[in-house]
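Visitor: structure, please.
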Amino acid sequence: MTPHAPFSHKWRRLTGLITKESRQILRDPSSVLIAGVMPLLLLFLFGYGVTFDPRELDVALVVEQQSSETASFQAALENSTLFEIEVGPDRRLFERDLSLGKIGGLIVLPADFSAKAFRADSAPIQVIVDGSDPNTAYLVSGYVELLWGNWLEQEWI
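Guide: Residues are numbered from 1 along each chain as shown. Below is the predicted model of the structure:
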């Protein structure tokens, strides 16, 4: 017996298995549907039909003192496809909506926003989220942080 005989035997077994399975698939057309069409359909469905990205999250924006910087940041929030913004001058107007879950977050721009906006020591915004839904809370805070960074980058230049 040559040293290549076991290797040859494995190939014969593999070829036989492939032939047997091919005949089985041709005999039963439903297996083509299950093995070929269903994965493609599920790939399409989960790739395009199901999305977990939020759209139009309801958040409130509190602008304690109007300035050109607050107007610019407000415009950046309103132009985002992620948020549906409601604006007011005092956070007490929105605390009830936040506790009832009508809004997912509260973004506060304090009176000294313009003075602190471009200093590196601290971010002059406050984001208060509804913690009853941790996923939404994380998304709101993450997207506001991302939008804040983008706004700073655009305004700084």
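Visitor: in the helix or strand that Y143 is a member of, which residues are buried?
Guide: Assigned by DSSP states H and E, Y143 belongs to helix 134-156. For helix 134-156, the neighbour count (16 or more other Cβ atoms under 10 Å) marks 136-137, 139-141, 143-144, 147-148, 151 as buried. For glycine as for every other residue, the C-beta is placed from the backbone atoms N, C-alpha and C.
Visitor: ok, residues contacting stretch 68-80?
Guide: 59, 61, 63, 83, 85, 87, 107, 109, 113-114, 117, 125, 143, 147-148, 150-151, 154-155 (Cβ atoms under 8 Å, 6 or more residues apart in numbering).
Visitor: now do the buried residues in that stretch.
Guide: Result for stretch 68-80 [16+ other Cβ under 10 Å]: buried residues 69-70, 73-74, 76-77, 80.
Visitor: kindly report the same for stretch 50-60.
Guide: 57, 59-60.
Visitor: which one of those residues is nearest to S30?
Guide: S30 lies nearest to L57 out of the buried residues of stretch 50-60, by Cβ to Cβ, at 43.7 Å.
Visitor: for that closest one, what are phi and psi?
Guide: When read as degrees, to the nearest 10, the backbone of L57 gives phi -70, psi 130.
Visitor: same check, this time on S67
Guide: Here is the backbone geometry of S67 (degrees, to the nearest 10): phi -160, psi 180.
Visitor: which residues touch S114?
Guide: Contacts of S114 by Cβ under 8 Å, 6+ apart are 65, 67-70.
Visitor: where does it land on pLDDT?
Guide: S114 is assigned 80 on the pLDDT scale.
Visitor: which of the contacts of S114 sit farthest apart?
Guide: Q65 and S68 (11.5 Å).
Visitor: now do the helices in this protein.
Guide: 5-27, 29-32, 38-44, 68-79, 92-100, 113-116, 134-156 (DSSP state H).
Visitor: nearest to V50, of those helices?
Guide: Between these, helix 38-44 lies closest to V50; by Cβ to Cβ that is 10.1 Å.
Visitor: please save the CA atoms from that closest one in PDB.
Guide: Written as PDB, here are the backbone C-alpha positions of helix 38-44 (Å, rounded to 0.1, in the frame of the first residue of the first chain):
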ATOM      1  CA  MET A  38     -34.200  31.100   2.300                       C
ATOM      2  CA  PRO A  39     -30.700  32.400   3.300                       C
ATOM      3  CA  LEU A  40     -30.700  35.000   0.500                       C
ATOM      4  CA  LEU A  41     -34.200  36.100   1.600                       C
ATOM      5  CA  LEU A  42     -33.200  36.400   5.200                       C
ATOM      6  CA  LEU A  43     -30.000  38.200   4.300                       C
ATOM      7  CA  PHE A  44     -32.000  40.700   2.300                       C
END
